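test case, fold it:
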Amino acid sequence: MFGGLCAGLILSTSAIAVPPETSGPKVKYASGPDVMAMFIKRGQIHYPWKARRDYRTGTGIFRVYINPDGKVRTVGVVRSTSHQDLDLAAAAGLYHSLFKPGRRRELDLPIMFTLTRPSLMR
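Below you'll find the model as predicted:
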């Protein structure tokens, strides 16, 4: 799977692009490289310190609403990570992304927060 690793965070790019027009069924399934090509700048998603300390992990799906100029209009939660601070961190990072200009569109992006416990045995 094509993705990026950043501070224990995996941004998976197997996303679905859904045009907001309602005239007929228009759903485009985008592959990882296709989604990555839409980005001009990916917003940095920070793993909250308290969540790392408590070893909280989770996977969620976030819907990014993109204006025709490529700026993110808003970010919604399709499926929560089960932790409010992780949801807010993912939404805040995605909000600061910039996409290639085009028509208004929506992307569902899966975000996974993962940690590995430090070894107890040395």
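
name the element residue 64 belongs to?
Per DSSP states H and E, residue 64 falls inside strand 58-66.

now swap in residue 50 and tell me
helix 49-53.

now that helix: buried residues?
residue 51 (16 or more other C-beta atoms under 10 Å). C-beta coordinates here come from the backbone N, C-alpha and C atoms, glycine included.

which secondary structure elements does that helix sit against?
Packing partners of helix 49-53 (3 or more C-beta pairs under 8 Å, 6 or more residues apart in numbering; DSSP states H and E): helix 84-95.

could you tell me the angle between the helix it packs on and strand 58-66?
30 degrees (axes from the mean of the first three to the mean of the last three C-alpha atoms, to 10 degrees).

residues contacting helix 84-95, please?
43-48, 50-51, 56, 58, 60, 62, 64, 72, 74-75, 77, 80-81, 109, 111, 113 (C-beta atoms under 8 Å, 6 or more residues apart in numbering).

ok, 6 Å please
Contacts to helix 84-95, defined as C-beta atoms under 6 Å, 6 or more residues apart in numbering, come from residues 43-46, 48, 51, 58, 62, 64, 72, 75, 77, 80-81, 111, 113.

stretch 54-62 too?
The list of residues contacting stretch 54-62 from outside it, by C-beta under 6 Å, 6+ apart, reads 75, 77-83, 86, 90, 94, 108-115.

show the buried residues in the residues you listed.
75, 81, 83, 86, 90, 94, 108-113, 115.

if we can go back for a sec, now the helix holding residue 50 - C-alpha only, CSV.
Listed next in CSV are the C-alpha coordinates belonging to helix 49-53 (Å, rounded to 0.1, in the frame of the first residue of the first chain):
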residue,chain,number,x,y,z
TRP,A,49,1.4,13.7,23.3
LYS,A,50,-1.2,12.5,25.8
ALA,A,51,-2.5,9.8,23.3
ARG,A,52,1.1,8.6,22.8
ARG,A,53,1.7,8.5,26.5
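
good, wrapping up.
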